[in-house]
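*Asks:* sequence first, predicted model second:
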Amino acid sequence: MGKTKVLVVDDSAIVRKIFTDLISKEPDLEVVGVAPDPYIARDKIVQTRPDVVTLDIEMPRMDGLTFLKKLMHYFPLPVIIVSSLTPKGSQMALEAMDLGAVEVLAKPGSAYTVGDLGIHLIEKIRAAAQIKYLKSVDKGNNSGPPTDHIAPLKQTSQKIIAIGASTGGTEAIKEVLMRMPPNSPGIVIVQHMPPKFTTAFASRLDQMCPMEVKEAQDGDTVLTGRALIAPGAYHMLLRRSGARYYVQVKDGPLVHHQRPSVDVLFNSAAQSAGANAIGVILTGMGADGADGMVAMKEQGAYTLAQDEASCVVFGMPKEAIKKGAVHKTLSLLRIPEEIRRHLS
């Protein structure tokens, strides 16, 4: 099996060198070219036929979003967005993911070191390389998100929904939340993402979904009609005090090379909510969440996994299924339907 070919597109010579040095150390990866702007990148893509492109979105001559739109139309490839940790950078990164980019990375800088970057860059390239072709979410018979036609649930007390995702998860989580009624039980979510980007992600979902969506802060109460997203670079745990569920947001070692980690959330949900929890594992590379879902199932939780056909990368769901942790495996758009059915 040949090496994964990577093209690095960034107007910063320093970033191009950092990325090239990090990628070139890996025996299964090869940098086949670098480009300082989209025009040169276009020619390099035709010449080198890369498997994965890393793309800065704030560049001269043509911005990355315009280039990405053209690329996805004429020459679709797995693209990893590299963005600055600014509100504008975070917003543009999410727009890029709407256009078809599969992952987002924070640009190395004072808030996010090259050491942090090295841990995530290689993993994200390998995840992107697993995507054989780019596909939009399988809509099945649904023409669009039926946010106006979702019947409210009958009162469900003390139920909790825990969701974990990685590669392809920003779109998958959006599809699920848009199909949940405004009086859904509290939802706690881990999406592998750098700091700052989770803030923009939560804000974007809050504008689109029937539920309130916010980036979690330590001590936030898990309420009916509210979804809490773990902030990038922090673990999130579900806790219970009497009848009240709340989240603990904390530092800690990486788990499966991740912080936040799905396993950390799921293990805490097993402990704090037991049979009152529903666990959902969505698209993503690796095994994060599989052990935690085993713990949830053992404590009586109802567990669901996204199926291979609708996953961008069928890694995390596959590992949970292999461990016998999953009650049902469903296409992405059947998951919210099944959650609603189970709750009612």
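*Replies:* That came through fine. Numbers count the residues shown, from 1 in each chain.
*Asks:* quick one: buried residues of the helix or strand bottoming out on mean pLDDT in the chain?
*Replies:* Lowest by mean pLDDT, DSSP states H and E among the helices and strands of the chain is helix 114-129, with a mean of 84. Of the residues in helix 114-129, 116-118, 120-129 count as buried by neighbour count, 16 or more other C-beta atoms under 10 Å. For every residue, glycine as well, the C-beta is placed using N, CA and C.
*Asks:* same deal with stretch 272-280?
*Replies:* If you call a residue buried by 16+ other C-beta under 10 Å, then stretch 272-280 has these buried ones: S272, A273, N276, A277, I278, G279, V280.
*Asks:* show me the contacts for the closest residue in space to G274 that isn't next to it in sequence.
*Replies:* Excluding its sequence neighbours, the residue lying closest to G274 (C-beta to C-beta, 6 or more residues apart in numbering) is Q299, at 4.3 Å. Q299 is in contact with A270, Q271, G274, A275, A277, counting by C-beta atoms under 8 Å, 6 or more residues apart in numbering.
*Asks:* which of the buried residues of stretch 272-280 fall in strands?
*Replies:* A277, I278, G279, V280 (DSSP state E).
*Asks:* show me where the protein has helices.
*Replies:* 13-24, 38-48, 64-74, 87-99, 114-129, 169-177, 197-208, 262-272, 290-298, 316-322, 334-343 (DSSP state H).
*Asks:* can you flag the weakest of the ones you listed by average pLDDT?
*Replies:* Lowest mean pLDDT of the helices of the chain: helix 114-129, a mean of 84.
*Asks:* tell me what angle it forms with helix 13-24.
*Replies:* Relative orientation of helix 114-129 versus helix 13-24 (axes from the mean of the first three to the mean of the last three C-alpha atoms, to 10 degrees): 60 degrees.
*Asks:* next one: helix 114-129 to chain centre, how far?
*Replies:* Relative to its chain's centre, helix 114-129 lies at 14 Å (C-alpha atoms, centre = their mean, to the nearest Å).
*Asks:* just checking, what packs against it?
*Replies:* strand 4-9, helix 13-24, strand 29-35, strand 52-56, strand 79-83, strand 103-106 (3 or more C-beta pairs under 8 Å, 6 or more residues apart in numbering; DSSP states H and E).
*Asks:* between the ones you listed, which gets nearest to I335?
*Replies:* Closest of these to I335 is strand 103-106, at 21.7 Å (criterion: C-beta to C-beta).
*Asks:* average pLDDT across the closest one?
*Replies:* Computed over strand 103-106, the average pLDDT equals 90.
*Asks:* which residues touch it?
*Replies:* With C-beta under 8 Å, 6+ apart as the test, strand 103-106 has contacts from 54, 80-85, 93-94, 96-97, 112, 116-117, 120-121, 124, 127-128, 167, 193-197.
*Asks:* picking that back up, kindly reformat the helices and strands packed on helix 114-129 as a markdown table containing mean neighbour count and distance to M72.
*Replies:* Formatted as a markdown table, the helices and strands packed on helix 114-129 follow (neighbours: other C-beta atoms under 10 Å; distance: least, C-beta to C-beta, whole Å):
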| stretch | mean neighbour count | distance to M72 |
| --- | --- | --- |
| strand 4-9 | 24 | 14 |
| helix 13-24 | 16 | 21 |
| strand 29-35 | 19 | 17 |
| strand 52-56 | 26 | 11 |
| strand 79-83 | 26 | 8 |
| strand 103-106 | 26 | 15 |
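*Asks:* which one of the ones you listed lies nearest to G286?
*Replies:* Here strand 103-106 is closest among the helices and strands packed on helix 114-129 (C-beta to C-beta), at 12.7 Å.
*Asks:* note down every partner strand of the closest one and its orientation.
*Replies:* Here strand 103-106 is paired, per DSSP bridges, with strand 79-83 (parallel).
*Asks:* relative to helix 197-208, how tilted is the strand it pairs with?
*Replies:* Using the same axes, to 10 degrees: strand 79-83 against helix 197-208 is 110 degrees.
*Asks:* run through who's touching strand 79-83.
*Replies:* Residues from elsewhere that reach strand 79-83, judged by C-beta under 8 Å, 6+ apart: 10, 15, 19, 52-58, 64, 68, 71-72, 89-90, 92-93, 96-97, 100-107, 124-125, 128, 197.
*Asks:* how about a cut-off of 7 Å?
*Replies:* 10, 52-57, 68, 71, 89-90, 92-93, 96, 101-107, 124-125, 128 (C-beta atoms under 7 Å, 6 or more residues apart in numbering).
*Asks:* what about G315, how many residues nearby?
*Replies:* 21 (other C-beta atoms under 10 Å).
*Asks:* do the same with K322
*Replies:* By other C-beta under 10 Å, neighbour count at K322 equals 11.
*Asks:* from here on, call the first residue 43.
*Replies:* Okay, using 43 as the starting number, the last item reads as K364.
*Asks:* which non-adjacent residue is nearest V368?
*Replies:* In space, V368 is closest to A347, 4.4 Å off (C-beta to C-beta, 6+ apart).
*Asks:* dump the residue contacts of that neighbour.
*Replies:* Going by C-beta under 7 Å, 6+ apart, A347 touches I323, P359, A362, I363, V368, T371.
*Asks:* tell me the one among those nearest to G267.
*Replies:* Nearest member of the contacts of A347 to G267, counting by C-beta to C-beta, is I323, at 23.1 Å.
*Asks:* who's that closest one bridged to?
*Replies:* Going by DSSP bridges, I323 is paired in beta bridges with G206, A347.
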